[in-house]
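1. the sequence isn't on hand, but the structure is:
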Ligand code: NSS
């Protein structure tokens, strides 16, 4: 056997004189007497293999006939142009080896969502899932490059915690050797501690939210990209967000055109993503929504329908700033120009996708923090270490958390967030 090459390389250099060797899995197959057409997939793509009786050893022809969908195989042959084959080229096999035979594959065309989720361990082999996972990896690559260029240090915060960063309602509780603890909702408080050593930090961790709501944008476990910056106020925090998000989108546009096309994603809106992003105050958003007929009171968080109404006709994300204090977390900095609100911003993805980032400047006044913890009846003992950060050389600082799956859902243009994570965790699902 010759050295196997990725299928995409066969298309990049379709040298019709030489033998190529590929290995992968049978994607589709049909045979009629003396000929087998087998489409093979690998991580990089798919190609048609034509296997003709008499042109290869008998055992190899039999292997091609037997190789059912999702069998793993190795093929050697010459590349030939064929207009009917996907991509315009095929391999005419001179060797066909069956490596791992497959039982009848449980996923056929037109399956229910439920079945695809039950068989997720197999469905992740699909071309759509392959494309989405590559786009996710590339978006993260774009983020990492940007973070490196901008002197952010990657840190590794804990997942077991005794603090509720984002409120008690969505905490996953656990028994930590007899003591009540939680799975982390956000690394933020630890990142705040770390800036006093490193100034500009970031982390990528799983975050956990006991979200009872079944929505197309909530997971109970998601990947959270969080940044925290010393000496940064809310305006600069927003500039950092727009640059980071733009870098992620641009990287995907540069490297993953084929995958976006496979997902039938219209890339025109993505091409429009560039700073500065529009900024609107929460109060302006409420007026806008009322003018659109929404019966919405000032003072509550925006829901998915409201966010959709604000962003449906936009191509570029929008910041919503100055939320009223009662609907946001205790650690945010009061806006001295509008003390009923915080110096905070949620970033909403365009085209109706809604919130992808939550961020704010942090409160540095220890008395205000204590007041708010008391008002929320949160026992202060668990937060003493956090309050220490205000006691020892406090500085203005800001940060934010980006929901990786939320961003990838928007970039890929898919409806449900569970499609952009290989093994989704939701209220109804923890298997496989
Ligand atoms: O609750 S957030 O809005 N903000 C925080 O957790 C801050 N403590 C982050 C920080 O400043 N370091 O969550 C941040 C983002 C939010 O905008 C979503 O994009 C995402 O995290 N998020 C989720 N994604 C998927 N599923 C769920 N349930 C979810 N909750 C938040």
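-> Happy to help now that I have it. Just so it is clear, the model here is predicted, and its values are computed rather than measured.
2. can you name the residue of the stretch 251-400 of the chain nearest the ligand?
-> Closest to the ligand within the stretch 251-400 of the chain is residue 358: 2.3 Å, counting by C-beta to the nearest ligand atom. Placement of C-beta: from N, CA and C, glycine included.
3. for that residue, give me phi and psi.
-> Taking degrees, to the nearest 10, you get phi -120, psi 130 for the backbone angles of residue 358.
4. for the chain, just list every one of the helices.
-> Secondary structure of the chain, counting by DSSP state H: helices at 7-12, 58-66, 113-118, 120-123, 127-149, 188-198, 234-255, 257-262, 268-271, 282-291, 304-311, 366-375, 384-391, 404-412.
5. now do the buried residues in the first one.
-> Buried residues in helix 7-12, defined by neighbour count with 16 or more other C-beta atoms under 10 Å: 7, 10, 11.
6. and the last one, by the same measure?
-> Of the residues in helix 404-412, those scored as buried under the neighbour-count criterion (16+ other C-beta under 10 Å) are 404, 405, 406, 407, 408, 409, 410, 411, 412.
7. same question, the fifth one
-> Within helix 127-149, the residues that qualify as buried by neighbour count (16+ other C-beta under 10 Å) are 128-136, 138-140, 142-144, 146-147.
8. contacting residues around the nearest residue to residue 87 once chain neighbours are set aside?
-> Nearest residue to residue 87, sequence neighbours excluded (C-beta to C-beta, 6 or more residues apart in numbering): residue 11, at 5.5 Å. The contact partners of residue 11, by C-beta atoms under 8 Å, 6 or more residues apart in numbering, come to 45, 47, 87, 89.
9. leaving out chain neighbours, which residue sits closest to the most far-flung residue of the chain relative to its centre?
-> Taking C-alpha atoms, centre = their mean, the residue of the chain most remote from its mean C-alpha position is residue 54, at 48.9 Å. Leaving aside its sequence neighbours, residue 54 sits nearest to residue 34 (C-beta to C-beta, 6+ apart; 7.3 Å).
10. how deep is the one you found tucked in, by neighbour count?
-> Neighbourhood size, residue 34 [other C-beta atoms under 10 Å]: 11.
11. tell me the spacing between residue 398 and residue 411.
-> In this view, residue 398 and residue 411 are 25 Å apart by C-beta to C-beta, to the nearest Å.
12. likewise residue 313?
-> Computed as C-beta to C-beta, the residue 313 to residue 411 distance reads 19 Å.
13. likewise residue 400?
-> Counting by C-beta to C-beta, the gap from residue 400 to residue 411 is 18 Å.
14. same check, this time on residue 290
-> Relative to residue 411, and taking C-beta to C-beta, residue 290 is found at 31 Å.
15. and if you look at residue 61?
-> Look at residue 61 and residue 411: by C-beta to C-beta, they are 44 Å apart.
16. thought residue 240 was touching residue 232?
-> Yes. Using C-beta atoms under 8 Å, residue 240 makes contact with residue 232 at a distance of 7.3 Å.
17. now the helices of the chain as TSV including mean pLDDT and distance to residue 208?
-> Below are the helices of the chain laid out as TSV (pLDDT from 0 to 100; distance: least, C-beta to C-beta, whole Å):
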stretch	mean pLDDT	distance to residue 208
helix 7-12	92	37
helix 58-66	98	46
helix 113-118	94	20
helix 120-123	98	19
helix 127-149	98	19
helix 188-198	98	14
helix 234-255	98	23
helix 257-262	98	29
helix 268-271	98	30
helix 282-291	95	27
helix 304-311	94	21
helix 366-375	96	22
helix 384-391	98	19
helix 404-412	98	13
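18. next, format the ones you listed as a markdown table and append distance to residue 97.
-> As requested, the helices of the chain are exported to a markdown table (distance: least, C-beta to C-beta, whole Å):
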| stretch | distance to residue 97 |
| --- | --- |
| helix 7-12 | 16 |
| helix 58-66 | 6 |
| helix 113-118 | 30 |
| helix 120-123 | 23 |
| helix 127-149 | 23 |
| helix 188-198 | 52 |
| helix 234-255 | 33 |
| helix 257-262 | 28 |
| helix 268-271 | 42 |
| helix 282-291 | 61 |
| helix 304-311 | 51 |
| helix 366-375 | 66 |
| helix 384-391 | 60 |
| helix 404-412 | 35 |
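19. among those helices, which is nearest residue 99?
-> If you check each of the helices of the chain against residue 99 by C-beta to C-beta, helix 58-66 wins as the nearest, at 9.5 Å.
20. run through the neighbouring helices and strands of the closest one.
-> On a contact count with 3 or more C-beta pairs under 8 Å, 6 or more residues apart in numbering; DSSP states H and E, helix 58-66 meets strand 35-41, strand 46-52, strand 89-100.
21. what pairs with the longest one, parallel or antiparallel?
-> According to DSSP bridges, the neighbouring strands of strand 89-100, each with its direction, are strand 46-52 (parallel), strand 72-81 (antiparallel).
22. so what's the gap between the shortest one and the chain middle?
-> Centroid separation for strand 46-52 versus its chain: 34 Å, with C-alpha atoms, centre = their mean, to the nearest Å.
23. give the buried residues for that strand.
-> 46, 47, 48, 49, 50, 51.
24. could you check how far the second one is from residue 90?
-> It stands for residue 47. Per C-beta to C-beta, residue 47 is found 7 Å from residue 90.
25. which parts of the stretch 101-250 of the chain sit against the ligand?
-> Contacts of the stretch 101-250 of the chain with the ligand, taken as C-beta under 6 Å from any ligand atom, map to 165, 166, 185, 186, 188, 209, 211, 218, 219, 222, 224, 226.
26. could you redo the last one with a cut-off of 5 Å?
-> By C-beta under 5 Å from any ligand atom, the residues of the stretch 101-250 of the chain that approach the ligand are 166, 186, 188, 209, 211, 218, 219, 222, 226.
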